[in-house]
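> what shape does this take:
(chains A and B)
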2 protein chains.
Amino acid sequence: MSSLLLDTINGKQCSRRPVWFMRQAGRYLPDYKAVRAKAGNFMTLCQSPEMASEVTCQPVEILGVDAAIIFSDILVIPVAAGMELNFVEGEGPQFKTPLPQCGLKDYNSKNSLSYVYEAIKASVRRLPTNIPLIGFCGSPWTLFAYMVQGSGSKDFSKAKSLLWSDPTFSQNTIDFLTNKIIEHLELQVEAGAKVVQVFDTWGGLLDTQDYRQFCFKPMKKISTYFALKQIPVVLFTKGSGSYLSELSKTGAPILGVDWTVSLDKARKIVGEDTVLQGNLDPIALCSSKELMQNKLKKLLLDHGPKGRHIVNLGHGVTPQANLETVKSFVYSAQEMSERLMAGELK
Amino acid sequence: MSSLLLDTINGKQCSRRPVWFMRQAGRYLPDYKAVRAKAGNFMTLCQSPEMASEVTCQPVEILGVDAAIIFSDILVIPVAAGMELNFVEGEGPQFKTPLPQCGLKDYNSKNSLSYVYEAIKASVRRLPTNIPLIGFCGSPWTLFAYMVQGSGSKDFSKAKSLLWSDPTFSQNTIDFLTNKIIEHLELQVEAGAKVVQVFDTWGGLLDTQDYRQFCFKPMKKISTYFALKQIPVVLFTKGSGSYLSELSKTGAPILGVDWTVSLDKARKIVGEDTVLQGNLDPIALCSSKELMQNKLKKLLLDHGPKGRHIVNLGHGVTPQANLETVKSFVYSAQEMSERLMAGELK
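Next comes the predicted model:
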């Protein structure tokens, strides 16, 4: 069954741009909050295939987006490796004992992360056949940063310091994570995901030397692995402006860009062969429909009708997003991009 | 009296690179903390010319940096315009009533900010004649963002939303701030500052359209004003990777860059006429001397011996910096850059 997302990725002629957005199963959506309340806590929701598939499919059913992304968390990998998470309300998740104080155990993804694959299977059963499901994980460096820092951070100073003071341990851990990520993504594809996205949330914090060694190289390994299997990979780096040219050398066929790079400039940097994904500032979804539509129109025109573009945000939607504006984002992107492709959007 | 900093800016042949660093009068330094404790609170320290000049001169006397930067705060401008600040320990400063709820009053910088100019005069008297003093302020958008948000923020969602929902009010406020910034910087120069730096801390959060209108244009106005008076302006934008090419079009003779752009790449983007300032990751000052020196050597070699470069960090030093590593950063930058210029650093 063909789908707009896969047709766009594969370079087929399409009548409009596909649209989905990061964190589309999230707290801005009352229907999500109802299931989240029933689950009690975030990890229970991730680990319940029935509830996870319900929130995965909601944005398709309520908003009409052109793809679903499995509801899960990048931290399921460190949890499977034996790290214990604490959830403090109002703060992000925290590891009870961060690296390197805790040890990591090897594990079998098929067993330890079966709840993710079950949720994918349940979602695929529920989704219309023309709506593909996207699998995902964090980048090796992003997972490492969180596992060493123990929680979110402005500068991930502990993680950086460990990279420098113990590069062997750091490299080994990043290699372990890279393999586990490949295993996890591949099993998500086996379960029914058609595209996989790597969230490199903290890549933009590294200097050029460390970026190359600890971020670029493992991401290139992941991209190469899936390129050989012809499974499309999206790489998304927050604050990727400085690294866009490097990212295009990973071989990932799709790159997510944020709103600090205009799509015409991004297109010049990455060339014609890469699909671009993005790049509305998520804060625009907190404002009125009209203001959001102005920005949306500009980004569609920035890219132009030629070449391949997936409409998305430049980062995840925030809990404060206005639901009416979010709804309008989806149908406006569909309607405006159809006019764009027909040469009628000015 | 000549100085290494001004000679470098003016393109004279120098034996080594000048070095100073952002927030060099700060909490990593026990001598600073002693004065800060005596002052009781941060704003009292800013507003006492004697104590402010003492902490301004400490890094020159203790570390041997090649320039001093006046100890002050970017928020002195909104305070002069009548906004009231609350300081909560452990959190950043907060405005009691943010914009647009509060009104802004016009004021005479010479009177309202005289404490800054007095501190500059006292510092210049105390500094060796070959050590220039740098004046500074926040960029118009950075001040506006803080004044609307009321405090620091991850995304400055309120400030962005106001830009979009009331562009006229936003533009008028930014224009007011631009004029006040020019006035304030000019009076700092009259008091004895030889160079001025504009901290555009939050420019990297804007999309390309807003960046152009609300950030680039006012910064260009500031740069143009001081270019006519032949006063060197440094523009520093945090996360400037995406905007480096735009920044070079402001006409500012000196651009501060962060560690996510290597200096050879930055040089290619900005051309030969711009002085580059940066770009060690401040977290490197939290680690050992040896690790910091590796990174410092790499950045010196990245730029190379040709062209004009001021050694600095890519952002302000953190309170957690290791004092021995900070000391080593200063003398290593001086010693290594001398070898670089002599063709002996490999």
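
> how about the residues of chain A near chain B?
A:155, A:157, A:160-161, A:164-165, A:204-209, A:211, A:239, A:241-243, A:259-262, A:265, A:281-284, A:286-288, A:291, A:295, A:298, A:314, A:318, A:320 (CB under 8 Å from any CB of the partner chain). In short, each C-beta sits where N, CA and C put it, glycine included.

> what about those, which are in helices?
A:157, A:160-161, A:164-165, A:208-209, A:265, A:291, A:295, A:298 (DSSP state H).

> just flag the most distant two among these.
A:Ser165 and A:Leu291 (47.1 Å; CB to CB).

> who has more neighbours, these two?
Between A:Ser165 and A:Leu291, counted using other CB atoms under 10 Å in any protein chain shown, A:Leu291 has the larger neighbour count: 17 against 13.

> what's the closest non-adjacent residue to that one?
B:Trp164 (4.5 Å; CB to CB, 6 or more residues apart in numbering or on different chains).

> what's around that neighbour, how many residues?
B:Trp164 has 20 nearby residues by other CB under 10 Å.

> A:Arg27 now?
Neighbours of A:Arg27 (other CB under 10 Å): 14.

> just checking, it touches A:Ala34?
No. Counting by CB atoms under 8 Å, A:Ala34 is not a contact partner of A:Arg27; they are 11.2 Å apart.

> next, the angle from the helix ranked longest in chain A to helix A:157-165.
Assignment by DSSP H gives helix A:167-191 as the longest helix of chain A. Using axes from the mean of the first three to the mean of the last three CA atoms, to 10 degrees, the inter-axis angle of helix A:167-191 relative to helix A:157-165 is 120 degrees.

> which helices and strands sit right next to helix A:167-191?
Contacting helix A:167-191 under the criterion 3 or more CB pairs under 8 Å, 6 or more residues apart in numbering or on different chains; DSSP states H and E are the following elements: helix A:76-80, helix A:109-112, helix A:114-126, strand A:133-138, helix A:140-149, helix A:157-165, strand A:195-200, helix A:217-228.

> I'd like to know which of these lies nearest to B:Lys180.
helix A:157-165 (34.9 Å).

> what mean pLDDT does that closest one get?
For helix A:157-165, mean pLDDT is 95.

> before we move on, the earlier item: out of the helices and strands packed on helix A:167-191, which is closest to B:Arg17?
helix A:157-165 (22.9 Å).

> touching that closest one from outside, list them.
Helix A:157-165 is contacted from outside by A:98-100, A:144-146, A:148-150, A:153, A:169-170, A:202, A:205-206, A:210, A:214, B:281, B:283-284, B:286-288, B:291, B:318, B:320, using CB atoms under 8 Å, 6 or more residues apart in numbering or on different chains.

> do stretch A:141-155 as well
So stretch A:141-155 is contacted by A:74-75, A:77-78, A:83, A:91-95, A:98-100, A:138, A:156-159, A:162, A:170, A:173-174, A:177, A:181, A:199-203, A:205-206, A:214-215, A:218, B:282-283, B:318 (CB under 8 Å, 6+ apart).

> now the buried members of those.
Among the contacts of stretch A:141-155, those classed as buried by neighbour count (16 or more other CB atoms under 10 Å in any protein chain shown) are A:74-75, A:77-78, A:83, A:93-95, A:98-99, A:138, A:156-159, A:162, A:170, A:173-174, A:177, A:181, A:199-203, A:205-206, A:214-215, A:218, B:282-283, B:318.

> can you pull the contacts of the residue lying closest to A:Asp66 once chain neighbours are set aside?
Once flanking residues are discounted, A:Asp66 sits nearest to A:Pro18: 4.0 Å by CB to CB, 6+ apart. Counting by CB under 8 Å, 6+ apart, A:Pro18 touches A:3-5, A:8, A:66-67, A:310-311.

> same check on A:Val330?
Here A:Val330 is in contact with A:19, A:63-65 (CB under 8 Å, 6+ apart).

> give me the element it is part of.
Assigned by DSSP states H and E, A:Val330 belongs to helix A:323-341.

> pLDDT below threshold where in chain A?
A:1 (pLDDT under 70).

> go again with 80.
A:1, A:88-91, A:239-241 (pLDDT under 80).

> please pick the buried ones from the residues of chain A next to chain B.
By 16+ other CB under 10 Å, those give A:155, A:157, A:160-161, A:164, A:204-209, A:211, A:239, A:241-243, A:259-262, A:265, A:281-284, A:286-288, A:291, A:295, A:314, A:318 as buried.

> next, count neighbours for A:Leu345.
If we define neighbours as other CB under 10 Å, then A:Leu345 has 16 of them.

> can you check A:Phe176 too?
Residues near A:Phe176, counting by other CB under 10 Å: 17.

> what residues are up against the residue lying closest to it once chain neighbours are set aside?
Nearest-residue entry for A:Phe176: A:Leu104, 6.7 Å, with adjacent residues in sequence omitted and distances by CB to CB, 6+ apart. By CB under 8 Å, 6+ apart, the residues touching A:Leu104 are A:78, A:81-83, A:173, A:176.

> from A:Lys110, how far out is A:Leu104?
Plainly put, A:Leu104 is 18 Å away from A:Lys110 if you go by CB to CB, to the nearest Å.

> and for A:Asn312?
Counting by CB to CB - A:Asn312 and A:Lys110 are separated by 30 Å.

> try A:Lys221
Distance from A:Lys221 to A:Lys110, by CB to CB: 21 Å.

> out of those two, which sits in the more crowded spot?
A:Lys221 (17 against 12).

> wait, that one sits on A:Asn179?
No. The pair A:Lys221 / A:Asn179 is not scored as a contact, 9.0 Å apart, by CB under 8 Å.

> would you say A:Thr250 is within a strand?
No. The assignment for A:Thr250, made by DSSP: H, G, I helix; E, B strand; the rest coil, is coil rather than a strand.

> residues near it, how many?
24.

> same question for A:Leu255.
For A:Leu255, using other CB under 10 Å, the count is 23.

> same question, A:Gly343
Neighbour tally, A:Gly343, other CB under 10 Å: 8.

> and it, which of the three is it?
A:Gly343 ends up coil, using three-state DSSP.

> backbone dihedrals for the spatially closest residue to it that is not a sequence neighbour, both of them.
Nearest non-adjacent residue to A:Gly343, counting by CB to CB, 6+ apart: A:Pro305, 6.7 Å away. Note on A:Pro305: backbone dihedrals following degrees, to the nearest 10 are phi -80, psi -20.

> secondary structure element for the residue nearest to A:Leu323 when sequence neighbours are not counted?
Spatial nearest neighbour of A:Leu323, chain neighbours left out: A:Tyr28 (6.3 Å); criterion: CB to CB, 6+ apart. Assigned by DSSP H and E, A:Tyr28 falls within no helix or strand.
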